[in-house]
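Asks: Sequence unavailable; structure follows:
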């Protein structure tokens with residue numbers, strides 16, 4: 001029987017997302033030690049603070065041993081192909097989690113893996129971040145079906161996974177993106193295929209209007225530094241500030257996956273203010289990843 005992988009948040013059904021979030025809310029001691037005596041391979045082609053620390057501690061809390069390896073140490077498709085890397089590591093570890101530049105590498109890994117493969121970030125999506133975002137909103141707002149979530153800025157990998165995960169849980173998705181930086185027709189078709197009715201605007205005020213959760217991210221992500229000046233011009237007027245948050249629902253929360261560039265995509269007053277959940281959101285990366293690990297290992301051990 002093939003293992004369950006998480007390359008995209010839509011690799012989970014609605015009920016499975018809820019099950020993972022329910023596990024994430026449980027104390028580590030309540031989950032036992034399903035990884036006792038076993039390792040989890042953590043491959044990082046791209047560096048990270050939150051992803052590395054949350055993944056390593058989650059593995060430890062479940063009784064396992066995380067092995068962090070930088071991309072250049074393994075050399076996927078330079079020293080040896082991704083398929084060989086996975087076949088070897090699968091003999092050492094209970095799970096392989098990887099943060100990569102190219103999503104296709106993860107697909108190749110999963111195609112030959114005998115253990116679960118988890119996407120810690122790719123150019124296509126960031127499902128582990130989406131699970132933490134959903135957990136944060138659920139803890140702050142209660143049940144999420146019918147709740148409106150707004151994204152302001154570039155429809156990047158984080159926005160894509162958040163939109164898909166939110167739609168799976170019955171949330172209403174509103175997207176405010178500058179021309180040329182919004183969702184593709186294929187993105188919108190995926191959301192509609194999940195039963196969503198995404199609202200897309202080129203003015204952030206329209207997207208945020210009445211929203212209960214407002215999300216944003218940096219304007220130039222890792223690897224896009226050369227586009228920073230061009231993007232600052234394109235994203236003028238898309239800074240989430242007090243004026244923009246006033247358009248949201250009175251009880252609205254603000255979220256950011258971090259790191260943050262105060263004064264660009266969001267003002268310090270908002271990200272450090274009472275509506276912000278950015279730090280709690282970062283802490284929930286640990287809890288959501290622990291819940292995901294526990295769920296995947298339970299499936300693999302059946």
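Replies: Looks like it came in fine. Remember, it's a predicted structure, so these values are computed and weren't measured experimentally.

Asks: For residue 178, which non-adjacent residue is spatially closest?
Replies: residue 234 (4.9 Å; C-beta to C-beta, 6 or more residues apart in numbering). Just so you know, the C-beta spots here come from the backbone N, C-alpha and C atoms, and that holds for glycine as well.

Asks: any idea how far residue 109 is from residue 40?
Replies: 14 Å (C-beta to C-beta, to the nearest Å).

Asks: I meant to write residue 295 there.
Replies: In terms of C-beta to C-beta, residue 295 sits 19 Å off from residue 109.

Asks: can you map out the strands along the stretch 1-150 of the chain?
Replies: 39-44, 65-70, 93-99, 117-121, 148-152 (DSSP state E, counting those that start in this stretch).

Asks: Just want the angle from the second one to strand 93-99.
Replies: When axes from the mean of the first three to the mean of the last three C-alpha atoms, to 10 degrees is applied, the directions of strand 65-70 and strand 93-99 differ by 30 degrees.

Asks: swap in the last one?
Replies: For strand 148-152 against strand 93-99, the angle by the same axes, to 10 degrees is 50 degrees.

Asks: what comes into contact with strand 148-152?
Replies: Applying C-beta atoms under 8 Å, 6 or more residues apart in numbering, the contact partners of strand 148-152 are 137, 159, 162-163, 166, 171-177, 204, 207-208, 210-216, 238, 240, 244, 248-249, 265.

Asks: Also the third one?
Replies: By C-beta under 8 Å, 6+ apart, the surrounding residues in contact with strand 93-99 are 35, 38-46, 48, 51, 55, 64, 67, 86, 89-90, 105-106, 109, 113, 115-122, 293, 296-297, 300.

Asks: Could you pull out the buried residues of the helix ranked longest in the chain?
Replies: If you go by DSSP state H, the chain has its longest helix at helix 278-300. Residues 278, 281-282, 284-297, 300 are the ones in helix 278-300 that count as buried (16 or more other C-beta atoms under 10 Å).

Asks: Quick one: distance of the helix or strand of the chain with the lowest mean pLDDT to the chain centre.
Replies: Within the chain, no helix or strand scores below helix 228-234, which has a mean of 88 by mean pLDDT, DSSP states H and E. The chain centre lies 24 Å from the centre of helix 228-234; the measure is C-alpha atoms, centre = their mean, to the nearest Å.

Asks: Can you point out the buried residues in that helix?
Replies: 231, 234.

Asks: same deal with stretch 109-122?
Replies: For stretch 109-122, the neighbour count (16+ other C-beta under 10 Å) marks 109-110, 113, 115-122 as buried.

Asks: quick one: low-confidence parts of this structure?
Replies: Under the criterion pLDDT under 70, the flagged ranges of the chain are 222-225.

Asks: centroid residue for it?
Replies: Against the mean C-alpha coordinate of the chain, by C-alpha atoms, centre = their mean, the closest residue is residue 129 at 2.1 Å.

Asks: wait, what's in contact with that one?
Replies: 121, 158, 161-162, 257, 285.

Asks: so which of those residues comes closest to residue 23?
Replies: residue 285 (14.6 Å; C-beta to C-beta).

Asks: Touching, the closest one and residue 54? I think so.
Replies: Yes - in this structure, residue 285 is within contact of residue 54 by C-beta atoms under 8 Å, at 3.9 Å.

Asks: thinking again about what came up before, in terms of secondary structure, what does the helix or strand following the least confident helix or strand of the chain contact?
Replies: Remark: after helix 228-234, the chain's next helix or strand is helix 242-245, criterion DSSP states H and E. In this structure, helix 242-245 makes packing contacts with helix 204-208, helix 268-271, judged by 3 or more C-beta pairs under 8 Å, 6 or more residues apart in numbering; DSSP states H and E.

Asks: give me that answer again for 10 Å
Replies: For helix 242-245, the packing partners by 3 or more C-beta pairs under 10 Å, 6 or more residues apart in numbering; DSSP states H and E come out as helix 204-208, strand 213-216, strand 253-256, helix 268-271.

Asks: from the middle of its chain, how far away would that helix be?
Replies: 25 Å.

Asks: Could you list the buried residues of it?
Replies: 244-245.

Asks: and if you look at stretch 72-82?
Replies: 74, 76, 82.

Asks: got any residues that touch both of residue 285 and residue 54?
Replies: Common contacts of residue 285 and residue 54 (C-beta atoms under 10 Å, 6 or more residues apart in numbering): 48, 128, 132.

Asks: Which of these sits closest to residue 16?
Replies: Among the shared contacts of residue 285 and residue 54, and counting by C-beta to C-beta, the member closest to residue 16 is residue 128, at 14.5 Å.

Asks: residue contacts, that closest one?
Replies: 6, 9, 50-51, 54-55, 97, 99, 118-121, 161, 285, 288-289, 292.

Asks: can you tell me how far it sits from residue 179?
Replies: Applying C-beta to C-beta to residue 128 and residue 179 gives a distance of 30 Å.
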